[in-house]
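Asks: Need a 3D model of the sequence below.
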Amino acid sequence: MRDFTVKEILKHQVAPALGCTEPVAIALGAAAAASLLEGGPIDALNVWVDGNIFKNGFSVAIPAGEGLSGIDTSSALGAVGGDPALGLEVLGSIDDEAVKAALAFLKAGKVTIEIMEERGLYIRTQVVSGEDTAESVIKGLHDHIVSLSRNGVEVTDSPLLCEPVGEGGTSRNDEMEAWLKSLSLAEIIDLTDAFDAEDMAFLEEGINVNVRLAEHGLKHGGGLGIGKALDRLVRQKILNKDMLVAAKMLTAAASDARMGGAKLPAMSSAGSGNHGLTAILPIWAVKDFIECDHDTVLKAVGLSHMVTAYVKAHTGRLSAVCGCSVAAGAGATSGIVYMMGGDVHHTAGAITNLIEDLAGVICDGAKAGCALKLNTAAGSAVQSALFALQGVNVQETDGIIGGSPEKTIANMGTLSTQGMIETDRTILKIMLAKKIVE
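Replies: Sure thing, here's the model as predicted:
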């Protein structure tokens, strides 16, 4: 197992995404398969997804037109007008004509969706055009196209395919996650010393991308309008805009915009745009309340991304546990402690406090209500950091808390990957039953 550089971590874990990453990944798979047919008319589109992809693509808005949502819609949009070369910004190429064509395709009943028992992120898309059939498979990560074929023949020379597997048949993601899981919290914090000027510029770009989403949400609302409501409560002097409220407002507003279908990208973290909002925006809000130089803020955001990736390596990319809460929330609280001058012991306490607070938050799919959970995660990230800096730390005798932050995170991973399997199935059953009733 080799070591990875911070530049590799950022490149692999942090990327811009236009729209919720699950429907976007579905659109990417459809666009990639359709590209192999060289523009021929599409007669049928068949999609197989794992339960968590289905859950997160079930009802969230798609940033391609007002009122658009659903896995069938995102796959149709990707097939008729998506540009797979854009990766997780595949829907950036969608225009009004593509929307009309996709809706007509759906109305004709040419799209089928099936849920697979596959564990882990999985999307298989089959596009049929006359006597030709093209397929794509995305596995492990939202933009990792691991297989392309045309008429049953593997396509091996496409630039759309992800990097080849590493030693022992493992993917780069598997190798990176195994390496991340081998690190201590102190070693992760030490990685912040390795950021160079290029890394810092990339981190700043991510901040700017997510702040634009927050500003859109504060100005226009969208989704549930949580951020705008908090802003209104502050203006009415019902709430005071302290660092806790500022963090909640900024983060929720960005989620409102994103879950409401705003055609603006988010800088994702560990494969999720909402993770990226939670990992970045609470830190950006808190910096206005403390004395801190700009480089330290950027490094705090970089640390947040790395801790988010570290927790996700344990919990899995998609599960019944809300990753915005326990993974990106852990990242954000770590960054806040770093920015406020805390050491590794304060960081450990903050992560432990946050996991004790939010471990029970479930993921019941991507939707407008996610803004409420991001609001909670942002508030807990600030609160957990402040408590730890004041010497208030949850003890290892409590519940799933371990004797170290590493053990606590490993316990969280066990809960997510083993203990919540039936919970995940139950959530999906409830959502499917609701769909049938509606």
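Asks: Could you pull up the contacting residues of the most centrally placed residue in the chain?
Replies: Among the residues of the chain, the smallest C-alpha distance to the mean C-alpha position (CA atoms, centre = their mean) belongs to residue 272, namely 0.9 Å. Neighbour list for residue 272: 21, 323-324, 328 [criterion: CB atoms under 8 Å, 6 or more residues apart in numbering]. (C-beta placed from N, C-alpha, C; glycine too.)
Asks: Tell me if residue 176 really is in a helix.
Replies: Yes - checked against DSSP: H, G, I helix; E, B strand; the rest coil, residue 176 lies within a helix.
Asks: May I have the beta-bridge partners of the residue nearest to the centre of the chain?
Replies: As for beta bridges, residue 272 partners with residue 269 under DSSP bridges.
Asks: Can you say which of the contacts of residue 272 are buried?
Replies: Applying a neighbour-count criterion of 16 or more other CB atoms under 10 Å, the buried members of the contacts of residue 272 are 21, 323-324, 328.
Asks: excluding its backbone neighbours, what's nearest residue 395?
Replies: residue 401 (6.9 Å; CB to CB, 6 or more residues apart in numbering).
Asks: One more: residue 220?
Replies: Counting by CB to CB, 6+ apart, the nearest residue to residue 220 once its immediate chain neighbours are dropped is residue 257, at 7.2 Å.
Asks: my read: the one you found touches residue 264, true?
Replies: Yes - under the criterion of CB atoms under 8 Å, residue 257 lies in contact with residue 264, with a separation of 6.7 Å.
Asks: Overlap in contacts, the two.
Replies: With CB under 8 Å, 6+ apart, residue 257 and residue 264 have common neighbours 213, 216.
Asks: which one of the two has more residues nearby?
Replies: More crowded of residue 257 and residue 264, by other CB atoms under 10 Å: residue 257, with 31 against 19.
Asks: in the helix or strand harbouring the more buried one, what counts as buried?
Replies: Taking DSSP states H and E as the criterion, residue 257 maps to helix 243-259. Of the residues in helix 243-259, those buried by neighbour count under the rule 16+ other CB under 10 Å are 243-259.
Asks: Stretch 55-75 too?
Replies: Judged by neighbour count (16+ other CB under 10 Å), stretch 55-75 contains these buried residues: 55-65, 68-75.
Asks: Count the residues that sit near the residue nearest to residue 395.
Replies: The criterion is other CB under 10 Å. On that basis, residue 401 has 21 neighbouring residues.
Asks: Can you check my assumption that it lies in a strand?
Replies: No - looking at residue 401 with three-state DSSP, it is coil, so not inside a strand.
Asks: For it, list the residues it contacts.
Replies: Under the contact definition (CB under 8 Å, 6+ apart), the residues listed for residue 401 are 352, 355-356, 394-395, 408, 411.
Asks: For these, could you give me TSV that also reports secondary structure, pLDDT and neighbour count?
Replies: Conversion of these to TSV gives the following (DSSP: H, G, I helix; E, B strand; the rest coil; pLDDT from 0 to 100; neighbours: other CB atoms under 10 Å):
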residue	secondary structure	pLDDT	neighbour count
352	helix	98	26
355	helix	98	29
356	helix	97	19
394	coil	96	20
395	coil	94	9
408	helix	97	27
411	helix	97	18
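Asks: what's the most distant pair in those?
Replies: Maximum pairwise distance in the contacts of residue 401, criterion CB to CB, is 14.1 Å, between 395 and 411.
Asks: Residue 256 contacts residue 223, correct?
Replies: Yes - with contact defined as CB under 8 Å, residue 256 and residue 223 form a contacting pair (3.7 Å).
Asks: still on that earlier bit, show me the contacts of residue 272 that map onto helices.
Replies: Cross-referencing the contacts of residue 272 against helices under DSSP state H gives 21, 323.
Asks: Mind putting the contacts of residue 272 into CSV with distance to residue 387 and pLDDT?
Replies: Compiled in CSV, these are given as follows (distance: CB to CB, whole Å; pLDDT from 0 to 100):
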residue, distance to residue 387, pLDDT
21, 31, 87
323, 22, 94
324, 20, 95
328, 19, 98
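Asks: can I get the contacts of residue 272 in CSV with distance to residue 103?
Replies: Rendered in CSV, the data for the contacts of residue 272 read as follows (distance: CB to CB, whole Å):
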residue, distance to residue 103
21, 23
323, 32
324, 31
328, 34
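Asks: Check which residues of stretch 5-19 are buried.
Replies: Of the residues in stretch 5-19, those buried (16+ other CB under 10 Å) are 6, 9-10, 12-19.
Asks: now swap in stretch 186-193 and tell me
Replies: Neighbour-count burial for stretch 186-193, counted by 16+ other CB under 10 Å, picks out 188-189, 191-192.
Asks: Equivalent analysis for stretch 353-360, please.
Replies: Along stretch 353-360, the positions that meet the burial threshold by neighbour count (16+ other CB under 10 Å) are 353-359.
Asks: go on, stretch 31-42?
Replies: Neighbour-count burial for stretch 31-42 flags 31-37, 42 (criterion: 16+ other CB under 10 Å).
Asks: Now, the residues you listed that are in helices?
Replies: Cross-referencing these against helices under DSSP H gives 31-35.
Asks: what are the ranges of the strands in the stretch 1-150 of the chain?
Replies: Assignment of strands within the stretch 1-150 of the chain using DSSP state E, counting those that start in this stretch yields the ranges 14-18, 44-50, 111-116, 122-129, 132-139, 145-150.
Asks: deepest of those, which one?
Replies: Ranked by average neighbour count under the criterion mean count of other CB atoms under 10 Å, these are headed by strand 14-18 at a mean of 24.
Asks: That one pairs with which strands, and in what direction?
Replies: Listed by DSSP bridges, the sheet partners of strand 14-18 and their directions read strand 265-269 (antiparallel).
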